[in-house]
Structures are given as C-alpha cells and as structure tokens.
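Peer 1: sequence first, then the predicted structure, then my questions.
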Amino acid sequence: MGGRAGFFEVEILDWKTKKQLCFLDKVESNATIREIRLMFHKLYPQWYPARQSIRLDPKGKSLRDEEILQHLPVGTTATLYFKDLGPQIGWTMVFLIEYTGPLFIYFLFYFRMPFVYGLDERFTSSPHPVVNLACICHSFHYIKRLIETIFVHRFSHGTMPLRNIVKNCLYYWGFAAWLAYYINHPLYTPPSYGKKQINFAVIMFLLCEAGNFSIHVALSDLRRDGSRTRKIPYPTKNPFTWLFFFVSCPNYTYEVGTWISFTIMTQCVPVGLFTLLCFIQMTIWAKDKHYTYLREFKDYPSLRMPIIPFLL
Ligand SMILES: NC(=O)c1ccc[n+]([C@@H]2O[C@H](COP(=O)([O-])OP(=O)(O)OC[C@H]3O[C@@H](n4cnc5c(N)ncnc54)[C@H](OP(=O)(O)O)[C@@H]3O)[C@@H](O)[C@H]2O)c1
C-alpha cells in the first residue's frame, strides 16, 4: 500500500458504541499514529495520548505510535477505533512501587516486628545464619531490580494503566510477605544438608543474578541508538549472554534459576511454590515473545527455544 500520496480523511469511532467521536479532514498520508493521537487529544483534552488505544479493529491490537497512515490497510477514508485505557502511570514509577514493597515487607518479618509472631518473639533474631543470608539475598535481588529499572532498562512503553498496579503489587507484596513469614518464623528449620547445601545455593544464586543482569544490559544495548523497536538479541563477548544461542528469553531462565537457588538455600515449601508460579508465568511470557520473534524475523535463529534450552 506504500507510495500513496496526498491526504486522508480519518474518522475515529468509539470501539464499543461505534459512535463517531471525531472526523479529521485532510490528514497527510504520511502522518503517524502519534500525530493522530495528538490531533484527537486536542479535541478531547481528558484523553491524553498514553490513555488512547487506537485500533483498526474494535477488538484488535493497538496501533503503534510510529505506524504510518498510508501504510495501513485502509482506504483514503480511514476508520479507526478508540478505547480509553484509563489513567496511566509511568513504567519506572510502576517498577519502583512494585519492587520497593517486597524489600521493606521482608524486613518486617526479619526484624520480627511486634504484631508478626506475637509479643514474646518481638525483635528477637533467628539462631540460624541461613536466615540472615536469605535476607541479604532477597534484599540484593530487589535492590538490583530497582537499580536496573533506573539505570539499565530502556522501556518501549511509557506508561501502563493505573489499575494494573494494584494487581501487580498484590502479587509482589503478597508473596514477599508470605515467603518472609515462613523463612523468619521462630520454628523455621534450616536446610537438611547444612553448609554444603547453602554454599551451593549461594553460588548458583549469584551466577543467576549476574546472568540476569548481563541479559538486561545486552537488551538495553540494542536500544543505545534511542530507538524503541524490538530487535533480535545476540550473544555478546560476555559469556553469560551465550544463553542467547539456545533461548529467546535468557533473562527469564536466569530469573527462574535465582528462585530455584533461593528455594534450595531456604528449603522452604512456600518459596518452592512461588518459584513454580514464577516459572509458569515467565514460560507463558517467554513463549509469547518467542513466537513474536519468529513472526517478525524471517532469519530468527532456529536453535532457540522460549525459556529452557532444547526443551521448552
Ligand atoms: N519473578 C517474576 O515472576 C518475574 C516476572 C517477570 C519479570 N521478572 C523480572 O523482571 C525482569 C524484566 O521483565 P520484563 O518482562 O520486562 O522483561 P523483558 O520483556 O525481557 O524486557 C526487559 C527490557 O528489555 C527490553 N527488551 C526486551 N526485548 C527486547 C528486544 N528484542 N529489543 C530491544 N529491547 C528489548 C524491554 O523493553 P520493552 O519495554 O519493549 O518491553 C525491557 O526494557 C525479568 O528479566 C525478570 O528478571 C520477574
């Protein structure tokens, strides 16, 4: 459809009621969706661009900001649909709220605040060194995520719906409290194989954290030019990134490894259940990303699996 010149007429309808919300006359054929969002915003100041989902199909996917009108499968009168995504919050802020919660919630249990395990246990500490180690690892994990959010990640979306943050916080904060309750409990029993098991778990934990960080840096480097598109990530000189030879989302593989090591370190059933849940969630996302790569890139490396080399 490329190469068409001149002007388009654009009508924007409500995605549900199909009522016409606006009619834009003489829109340049090379106008982007971003520009159309801005025109719509001028008419409806309450719907700032990040709140708008502009689609070709009422129930389809949102068009991306950089898509160009004349490259869309529309006639010279284009019909687009609008959905209000609700109030938005910036991604960086979302992650800061999500990750600061677990960090502080864990300390409430670690320091055994008065209302947690009863008054007799308040401000006491566990006799097991692994409990201190677990607190250090847990804090390290979330501090690392906060640092990555501020200094490493280059997100493509500016915002997400405000209502999602409640759901995400319930997940992260709720699980942090659940895990911390058991690990710091006065009746907690340390791992069966003692120091050997703990040392093995700490080494595995640190390697997975280093791997996860390396992948995040490699992904961020793909956008060093300031672009917001998704490219094919490849292994770099850093050996931790060589997992890209075998999987599409090695950051998820390493993240699962981190939680498996935390489970081995604490030998605690709730930690194991949380790990399983993380694994299921990240597998779903990894598959989704993997198939998107396959769809978008004809030359996508064929050896790669979504999350587990040669398996899944
Ligand atoms: N414990 C859990 O249940 C859990 C669940 C999810 C995540 N996490 C942790 O949080 C981390 C981040 O999660 P995520 O889901 O945001 O990871 P992600 O989708 O892999 O994205 C990480 C960053 O890299 C960018 N990116 C991804 N693929 C890219 C590509 N092909 N080209 C250029 N940039 C690309 C993303 O930008 P975009 O803005 O374009 O996406 C984002 O800024 C994970 O690695 C994991 O450590 C934990």
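Peer 2: Cool, got the structure. Because the structure is a prediction, the values reported are computed rather than measured.
Peer 1: pull the contacting residues for the residue sitting nearest the centre point of the chain.
Peer 2: Centroid-nearest residue in the chain: Phe95, 8.6 Å away (criterion: CA atoms, centre = their mean). When contacts are counted by CB atoms under 8 Å, 6 or more residues apart in numbering, Phe95 touches 145-146, 149. Using the backbone N, CA and C atoms, a C-beta is placed for each residue, glycine as well.
Peer 1: now Val271
Peer 2: Counted by CB under 8 Å, 6+ apart, Val271 has contacts 179, 182-183, 259, 262-263.
Peer 1: with Thr32 instead?
Peer 2: Here Thr32 is in contact with 65-69 (criterion: CB under 8 Å, 6+ apart).
Peer 1: most neighbours of all these, which one?
Peer 2: Counting neighbours by other CB atoms under 10 Å, Leu69 comes out on top of those with 23 neighbours.
Peer 1: before we move on, back to that, ok, the contacts of Val271 vs the ligand, which is closest?
Peer 2: Proximity of these to the ligand (CB to the nearest ligand atom) peaks at Trp259, which lies at 6.7 Å.
Peer 1: which secondary structure state is assigned to the closest residue to the closest one other than its chain neighbours?
Peer 2: Nearest non-adjacent residue to Trp259, counting by CB to CB, 6 or more residues apart in numbering: Thr275, 4.0 Å away. Classification of Thr275 using DSSP: H, G, I helix; E, B strand; the rest coil returns helix.
Peer 1: hmm, Thr275 is touching Glu255, no?
Peer 2: No - in this structure, Thr275 is not within contact of Glu255 by CB atoms under 8 Å, at 9.9 Å.
Peer 1: quick one, what contacts the nearest residue to Asn184 once chain neighbours are set aside?
Peer 2: Excluding the flanking residues, the one nearest Asn184 by CB to CB, 6+ apart is Phe109, at 4.3 Å. Applying CB under 8 Å, 6+ apart, we find Phe109 in contact with 116, 177, 180-181, 183-184.
Peer 1: among the residues you listed, which are in helices?
Peer 2: Residues of the contacts of Phe109 located in helices (DSSP state H): 116, 177, 180-181, 183.
Peer 1: between those residues, which has the most around it?
Peer 2: Compared across the ones in helices among the contacts of Phe109, Ile183 has the highest neighbour count, 25 neighbours, by other CB under 10 Å.
Peer 1: that residue contacts Cys268, correct?
Peer 2: Yes - here Ile183 reaches Cys268: they are 5.6 Å apart, a contact under CB under 8 Å.
Peer 1: hey, what's in contact with both of those two?
Peer 2: Residues touching both Ile183 and Cys268 (CB under 8 Å, 6+ apart): none.
Peer 1: returning to what we had before: what mean pLDDT does the helix or strand containing the residue nearest to Asn184 have?
Peer 2: Per DSSP states H and E: Phe109 is located in helix 91-110. For helix 91-110, the mean per-residue pLDDT is 91.
Peer 1: Val27 contacts Glu11, doesn't it?
Peer 2: No - using CB under 8 Å, Val27 is not in contact with Glu11, being 10.4 Å away.
Peer 1: where does pLDDT dip in the stretch 1-150 of the chain?
Peer 2: The stretch 1-150 of the chain contains residues with pLDDT under 70 at 1-5.
Peer 1: strands along that one, start to end?
Peer 2: Applying DSSP state E, counting those that start in this stretch to the stretch 1-150 of the chain gives strands spanning 7-14, 20-28, 52-55, 77-84, 88-90.
Peer 1: minimum distance to the ligand: which of those has it?
Peer 2: Nearest to the ligand among the strands of the stretch 1-150 of the chain is strand 88-90; the distance by CB to the nearest ligand atom comes to 12.1 Å.
Peer 1: which other helices and strands contact the closest one?
Peer 2: Judged by 3 or more CB pairs under 8 Å, 6 or more residues apart in numbering; DSSP states H and E, strand 88-90 is in contact with strand 159-161, helix 162-183.
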